[in-house]
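Colleague: fold the following and give me the result.
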Amino acid sequence: MREKKSRTEGGMSVKEERDRVKQGKRLNREMAVVSYIFMALFLVMAGFFVYYVAHNSDMVLNNAANKRQDLLAKRVTRGKILSDKGKVLAETKTDKKGRDTRVYPYGELFAHVVGRLSHGKTGIEASESYSMLTSGINPLSGMMNSLQGKKNPGNQVVTTLNVALSQLASDALGEQKGAVVVMEPDTGKILCMVSKPSYNPGALTDAEWSRLTADEGEDSALYNRATQGLYPPGSTFKLYTVLEYMRQSEDTDKFHYTCRGSIGTGLSKIRCYGGEVHGRVNLETAFAKSCNAAFCKIGSGLDVARWRKTCESLYYNKKLPLAKLEQNSSRFNISADSEKGDVMQASIGQGDTLVTPLQNAMLVCAAVNGGTMMVPYVVDRIEDFSGTVLQETKQREAGTPITKEEAKKLKQLMRSVVESGTASQLNSGGRYIAGGKTGSAEFQNGSEDSHAWFVGYAQGGGRKLVVSIVVEAAGTGGRYAVPIAKKIFDAYW
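Modeller: As a prediction, this is how the structure comes out:
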């Protein structure tokens, strides 16, 4: 007897209906998977957009290619750039014919940090361009100005830069090439950033620009030596060597070395500066007298991989968290594969080790601040034309790269340089207490000249300052860089 196939109400067999249901479920699952994929992609893109706006909005808004700035400039008079005390560092003046001219009252003094508008924006003029072309004026007043064909006043940038300290540092450098950085170690504020040679950003004619870019005298006047100049640190790097020695040695008080004026033989021989023989020294004396032989001995016994890691925690081989200014990364390239002679050279800040003046201040800042390093900054706040604060820079920690005990020991060693070493000029008679490290860094090209360095601190009356000074091809740090630091400290206290 023939079996009858069961049929659904639609005339389909049960098997056909079952297959149809399975196919429908499979299609639903595939559509769900596709939907989830698109949803995930959307969430990723949304997250990236939020991150980009939060972290890179300044870069986009202040980018010279952003045409919105050109549109804003037609409706808004570019705001002022002010010092920490409200003195005008840059402003726009409009003549009777409505033509705008950017004016820099201090000429060359702040050229590198404040920057320029002509021939390509740099410095704060570039990093805060959008802020200064935005007006915080009352919307109704802004509308009235637009109807009358008037421009609205742009917001103004208040910096951390101090005019008196900057002028003093510039005068102290005189005609010498070099850089001076002055910071508050407990806040990160940069009070002074002077680079020489300089130029007048308000007088950049095409002819002057051609002269500066041709740079026939190799002055590199357009270059901010404070953040872009890479120099061998010389004996100022002994701060990093002694820090690593403290970390790897069980008892630094037991260190003793007999200096005979040099270490090594033949082409690898390294001499103490000027051929001086220091005799038997402990760690403090070796640091205070800047004994190269002793520090070559210390450096050659270090675990190089750990040493490099320490240096990188203090911003060697990476950029500083400094968002507003152009900068180059300091370099420490010694590794476990390096020759002993190269390691010894590195231990006294020679060889391939290079540093910017700003970065060279950071370890001193951390030591003076109990081990905590603050993020350096030059823009304090954004105000509208009437002085109402619209945005303020929050002081931030860059990290705690050294312990309180290490900070205390480094300060003691730097203090010994003033009390009995190469920076004795900084004994102030009680107005402030100072410490630091001098350096005489030899050129890499074999020249007999050397860069004069001083990095150090002063504190008194509840205030603290850190300075980093380099004078190119001058000689010893004690003779040429320390006097500049003394003028700064004396003026501040």
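Colleague: number of nearby residues for Glu175?
Modeller: 6 (other Cβ atoms under 10 Å). In short, each C-beta sits where N, CA and C put it, glycine included.
Colleague: how close does it sit to Met193?
Modeller: 19 Å (Cβ to Cβ, to the nearest Å).
Colleague: same question for Gly341.
Modeller: 36 Å.
Colleague: those two - which one has more neighbours?
Modeller: Met193 (30 against 17).
Colleague: what is the helix or strand the more buried one falls within packed up against?
Modeller: Assigned by DSSP states H and E, Met193 belongs to strand 190-196. Helices and strands touching strand 190-196, by 3 or more Cβ pairs under 8 Å, 6 or more residues apart in numbering; DSSP states H and E, are helix 111-114, helix 163-173, strand 178-183, helix 225-228.
Colleague: after it, next one along is what?
Modeller: Using DSSP H and E, the first helix or strand after strand 190-196 is helix 206-214.
Colleague: who's in contact with that next one?
Modeller: Ser118, His119, Tyr199, Leu204, Ala221, Leu222 (Cβ atoms under 8 Å, 6 or more residues apart in numbering).
Colleague: how many other residues sit next to Pro139?
Modeller: Neighbours of Pro139 (other Cβ under 10 Å): 8.
Colleague: now swap in Asp251 and tell me
Modeller: The burial count for Asp251: 6, using other Cβ under 10 Å.
Colleague: and it, how close does it get to Asn282?
Modeller: Relative to Asn282, and taking Cβ to Cβ, Asp251 is found at 12 Å.
Colleague: in this structure Thr159 contacts Lys80, no?
Modeller: No: assessed by Cβ atoms under 8 Å, Thr159 is found out of contact with Lys80, at 10.6 Å.
Colleague: what pLDDT does the model give Ile137?
Modeller: Ile137 carries a pLDDT score of 80 in this model.
Colleague: which residues does the closest residue to it other than its chain neighbours bridge with?
Modeller: In this structure, Ile137 finds its nearest non-sequential neighbour in Asn152, 5.0 Å apart by Cβ to Cβ, 6 or more residues apart in numbering. Beta bridges link Asn152 to Val76 when assigned by DSSP bridges.
Colleague: can you pull the pLDDT of Asn152?
Modeller: 88.
Colleague: check Asn66 too.
Modeller: Reading off the model, Asn66 has pLDDT 54.
Colleague: same check, this time on Leu72
Modeller: Taking Leu72 on its own, its pLDDT is 68.
Colleague: show the contacting residues for Arg415.
Modeller: Ile433, Ala434, Gly435.
Colleague: quick check: what element follows the helix or strand harbouring it along the chain?
Modeller: Applying DSSP H and E as the criterion places Arg415 in helix 404-420. Using DSSP H and E, the helix or strand that follows helix 404-420 in sequence is strand 433-442.
Colleague: quick one: list the elements packing against the helix or strand following that next one.
Modeller: Using DSSP H and E, the next helix or strand after strand 433-442 towards the C-terminus is strand 450-460. Packed against strand 450-460 by the contact rule (3+ Cβ pairs under 8 Å, 6+ apart) you find helix 362-368, helix 404-420, strand 433-442, strand 463-471, helix 477-480, helix 482-492.
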